[in-house]
Every structure is written in C-alpha cells, then in structure tokens.
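> quick one, structure for this:
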Amino acid sequence: MSKTPRRKPPKLFVRRGKRIRPRNVNLLLRFALMTLVPLFLLVVAVFHIRILLTQDWQSITVPYALVSVGVAVVVCAVAAFLYRHYRYDSIKKRSHRQILARMIRDNGWCEKKTVEGREKIRRFAPMWYKKDDFIVTVTVTRDGGKHYEQMQTLAPRLETALFSELIASPASEGYLEYKLLYDSINGRITIDKVTVTDGRMKLMETCYWDIDGQPHMLVAGGTGGGKTFFLLSVIYALLSQTNARLTICDVKYSALIDLGEFMPHVYSDAYDILDALIRFKDDMQERYIKMRERPGYDSKQNYAYMGLEPHFFVFDEYVATYGRLDSKAQGVLVTALRDVVLAGRQCGYFMILATQRPDAKFLETDVRDNFNFRVTLGSMTAQGYAMMFGETKKMFMQKDIKGRGYHSGGDEIIPELFAPYVPDDFKFQAKVQEALLARGDKLVPATKKKVDAVVEIGDEDGWN
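Numbering: from 1, shown residues only. Have a look, this model is predicted:
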C-alpha cells in the first residue's frame, strides 16, 4: 500500500525582494541627491584644491568660482545622462518602488503615530518588490490583518501604476505574489522563433498556447489589427514543425486564400466551408470510434498518446460566413461547430476561429465558452472585451501598435500579447511551400467545387 507523500516544509529563507518603506516615497530625489551632490562638490573642490590646501580664502574670484560651479553642473548632467543610458533598469526599479510607496501612503495602508501633535507614518503594510529582466514581482502578506482585503485585490492598481500586465498570481502559505510583465513588447518574438514543442506553441517569450490543455483558439480583432498575419504565423508554425493536418477557410478572400494555390483544402465559398466543417466533424467522430476500438483502450489516453496527428480547422471571418448562409444552413454550421469544440480535444481535432467580434447572435455562449485560448488584436470596445474575457476588473489599454492585444488561457489573468513579428522579406507562400515539401507533402491546388471529403496531409506520426 503506497504511502501518502508528506508535504515538504517551506524554505526557511526566501528572497522576496526589497521591502517598501516610508522613506521610499521620495526615493528618486534621495538617490539623486546622494549621488550628484557629492560629485558636484568633488568637481568644485578639484578647481579649488590649492585654496583648500592653503586656506587662502581671499584669493577666490567670482569668475573662477562661477566657472567651477558651471563645470560641476555640466559634469553632473553628463553623469546623470550616462547613468540613465547605461543603468536605466536601475532607475526604473527605484521608480517602481517609489510608486508603490506612494500608493501605500495615499491609500492609508500604514500604521501612524502622533509625535508632538503631528501624525507621522510609523510603518507600511508589508510589501516587497523584485524585478528580474521584464518580470516584476510584488509580494504581500496573507495574514488576515487590517489591510488584508485591499492587498488581495491589488492587480488592477498594479497594472495601471506600473504600466504592466499581470501574468500570474501564485499564493503560498502566508504570502501572495503578483507577477507582472513590464514593457512586454520586449517579449515579442519573430515568426521564425515561434515553436511547437510537446503540443505547446510559443507565441511570445511569456506566452504559450497549450494546445491540449487549452483546446480551441478564438481570435477577435477589427480590420488592420494584425489578425490575418497572426493566423498565418500559427499556420506556418503548425505546418513547419508538426505533422498536423489543416483545413483553412476564409470567405473574404484574404491572404489565407492564397495558400489554396498549392494546398487542396482551402475554401472561400460559404457553402463549401460548411461542407468542409461537416466533414471535419464526421472525421472526428470516426476517429473517436476507432480510438475506442483499439485493444487496451483507456479513456485517459488521448490522440497524442496513441501517436495520432492533430487536425486543425482554421476558420477566419466566421460571422461573415454565417451571414452568407440561409437560416437552415446557419443552424447546421453552429451544430457542427458545437460538436467539434465539445468533443474534439480527446481525439485531436481543434478549432481556430477568428472574427471581428464574437457576438452571441452568431456564436452561441455555450460554444464560445469552449474556446479555452482567446486572443484579441487591435482596438476593441468594452463590450467586445467582455464577450471575449467575460466580466473582469482588468483595465484594458489601447496602444497604437499593430499586432498588439490580449490573451487568456481561461482564467482571470489577461496579459498583454504582441503577435509574432513578420519581417517585410518573409514570404508566407514560399515558406509554407518549403515546409510542405520538407515533410513530404505534395503541392496540390485547391478546387472551387464543393467538398465531399477533407483532403488530408501529413503522416500518422504525432507531434514532431
């Protein structure tokens, strides 16, 4: 009989960072005075070294004194400029600590005492700050004290105050950490750095799509937000690094349709797309039956365990497609879509659906809720964010950067996302053709006829 594993005791010493203290309220000014004033005096002293040694104070002239002061000011200005240029991260850390100190003071999260009739701050509520590269960690206590409630709901304040994005909020015995991504654009990667390893697609240095753990991707964004290039990046990663089989649909004839010049399963007619989706669903159900008929089948075993390749249905401009179908076909479309998102995970059938806004009128709530990885790109209204991420206290900021948005893996944390950067000299069609040939697929153009079967590419080898 196996024994229940014993819980390991917590580490005796944990580096939580620098404690935020009352003196940090004017930290930048204190730092400037403590470094520049001594430098200023040193430069002035160098000019007057003879006078200081002989103590001949009467020999000091006004013009010479003004020159020494002027040179000292210039030296301090140059030193400040160089320090800011080469040690900007150090200044930013001090700036963050000052912001946190003022936040604590202004919100009254501190103990005060009265000295000679004046109220003074005795100590701040416990808070620690740490910054490693572009990850900022703010730690608070979970001791049930006077300011407990405020400290457990700091995320929106921290995101706004530190101009950063919450990426995790792990709790341990007695402490709660807020991990924030500062200057998150530094985590952006180029399209050649997008990798797919063990079913996890890297989209940023700090963002991964766990395809099996967060099945089905929903992408929303207006025209010009970078949605099509993001989908092309995902398609290229799947074709170049896995043996996945793809069906690609776009009723608006965007750049995705150009792939139909050498891929047979690319569709632009609304009814062709509907037929392709039905066939995709039927293939999914057929695979599920075959999986269950395998000797020694266990419900815990999914497609990857059995060495089967994943299938992806990339569906751009879903609402536009929906609008071009008659009412009966619309119902069939939604039903087929529901079947795939509800049952596709186990047997490796995944949906990547993109639209300008996932209105419940076109994408019913129970269907939308089963898209476990969600991405927004470009500007969206508050209602659009609510449709994508539900009710949240998140403060969504608008930045005029193409390919920027937010992502969520199904929890309350909604970090900033920068889609993989695509250089001007990166030619999608040529790169995709190379990827297809490298894995042994034939280049076959798509037909304009309605499909009665989904043409498959790739081998039954699972993830590469």
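> contacts, neighbours, all on C-alpha from now
Will do.
> contacting residues around A419?
R188, I189, L203, M204, G226, F230, G403, R404, G405 (C-alpha atoms under 8 Å, 6 or more residues apart in numbering).
> err, A237, not the other one
Applying C-alpha under 8 Å, 6+ apart, the residues contacting A237 are V194, T195, V196.
> could you export those residues as CSV, including pLDDT?
Converted to CSV, the contacts of A237 look like this (pLDDT from 0 to 100):
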residue, pLDDT
V194, 95
T195, 94
V196, 94
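> which ones among those residues map onto strands?
In strands, defined here by DSSP state E, the members of those are V196.
> for the stretch 51-200 of the chain, which spans come out with low pLDDT?
Within the stretch 51-200 of the chain, no range satisfies pLDDT under 70.
> tell me where it has helices.
62-86, 88-107, 148-151, 155-161 (DSSP state H, counting those that start in this stretch).
> rebuild those helices as TSV, extending it with distance to E309.
Conversion of the helices of the stretch 51-200 of the chain to TSV gives the following (distance: least, C-alpha to C-alpha, whole Å):
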stretch	distance to E309
helix 62-86	49
helix 88-107	45
helix 148-151	46
helix 155-161	40
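> could I get the ones you listed in a markdown table, plus columns for distance to F350 and mean neighbour count?
Output for the helices of the stretch 51-200 of the chain, formatted as a markdown table (distance: least, C-alpha to C-alpha, whole Å; neighbours: other C-alpha atoms under 10 Å):
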| stretch | distance to F350 | mean neighbour count |
| --- | --- | --- |
| helix 62-86 | 47 | 14 |
| helix 88-107 | 42 | 18 |
| helix 148-151 | 39 | 14 |
| helix 155-161 | 32 | 17 |
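> that's a strand at Y385, yeah?
No: using DSSP: H, G, I helix; E, B strand; the rest coil, the assignment for Y385 is helix, not a strand.
> distance of it relative to R123?
Distance, Y385 to R123, by C-alpha to C-alpha, to the nearest Å: 40 Å.
> between the two, who's got more neighbours?
Y385 (20 against 16; other C-alpha atoms under 10 Å).
> wait, what's in contact with that one?
Counting by C-alpha under 8 Å, 6+ apart, Y385 has no contacts.
> with the one 5 residues further on instead?
Residues in contact with G390 (C-alpha under 8 Å, 6+ apart): none are found.
> state the distance from it to G221.
16 Å.
> ok, Q346 next?
For Q346, the distance to G221 - C-alpha to C-alpha - is 29 Å.
> now do I135
Taken as C-alpha to C-alpha, the span from I135 to G221 is 27 Å.
> between those two, point out the one with more neighbours.
It is G221, of I135 and G221, that has more neighbours when counted by other C-alpha under 10 Å, with 23 against 18.
> run through the helices of the stretch 351-464 of the chain in chain order.
So, for the stretch 351-464 of the chain - with DSSP H, counting those that start in this stretch - the helices run 365-368, 382-389, 428-438.
> next step: the contacts of A419 restricted to strands.
L203, M204, R404, G405.
> what count of nearby residues applies to the second one?
Read it as M204. Neighbours around M204, by other C-alpha under 10 Å: 24.
> so what's it closest to, chain neighbours aside?
R188 (5.2 Å; C-alpha to C-alpha, 6 or more residues apart in numbering).
> repeat that for the last one.
Across the structure, with C-alpha to C-alpha, 6+ apart as the measure, the residue nearest G405 apart from its sequence neighbours is L377 (4.2 Å).
> for the one you found, give me its contacts.
V219, A220, G221, G222, G225, G226, K227, K402, G403, R404, G405, Y406.
> repeat for N24
R97, Q98, A101.
> how far away is it from F31?
10 Å.
> what does R188 give?
33 Å.
> so which of the two has more stuff around it?
A side-by-side neighbour count of R188 and F31, using other C-alpha under 10 Å, places R188 first with 19 against 13.
> quick one: that one and C207 touch, right?
No: R188 lies out of contact with C207 (C-alpha atoms under 8 Å); the separation is 9.4 Å.
> if we can go back for a sec, which strand residues bridge the residue nearest to G405?
G221, G405 (DSSP bridges).
> separation between it and F229?
With C-alpha to C-alpha as the criterion, L377 and F229 are 11 Å apart.
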